[in-house]
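J.: whatever this is, show me its structure:
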Amino acid sequence: MTILKDRNGNPQGVIREGAGGMERLLDLGGKVVTTYRPDTDWTYDKNGVRIGTGNRLAGMVGDEE
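T.: From the prediction side, this is the model:
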């Protein structure tokens, strides 16, 4: 588990690793914001839509609608 913080040290989200190396970015309420799947090397939004190649989770914190 990795806690992502803003420049003032305030928590903004959490990255949790799951089966097969899959990682999920969760907001502070525990809702999935984005998911990274290493088997495809794609990052997906909360609806399962591909949003980019590679692991983009850290850059997505604070971007939820």
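J.: where does this structure have low pLDDT?
T.: Within the chain, the segments meeting pLDDT under 70 span 62-65.
J.: give the residue farthest from the middle of it.
T.: Ranking residues of the chain by C-alpha distance from their mean position (C-alpha atoms, centre = their mean) puts residue 8 at the top, at 20.1 Å.
J.: now do the contacts for the residue nearest to residue 22 when sequence neighbours are not counted.
T.: Once flanking residues are discounted, residue 22 sits nearest to residue 37: 5.4 Å by C-beta to C-beta, 6 or more residues apart in numbering. C-beta here means a position set from N, CA and C on the backbone, and glycine is covered the same way. Residues near residue 37 by C-beta atoms under 8 Å, 6 or more residues apart in numbering: 20, 22, 44.
J.: so residue 4 touches residue 10, yeah?
T.: No. If you go by C-beta atoms under 8 Å, residue 4 and residue 10 don't touch, sitting 10.1 Å apart.
J.: no further queries at this time; thank you.
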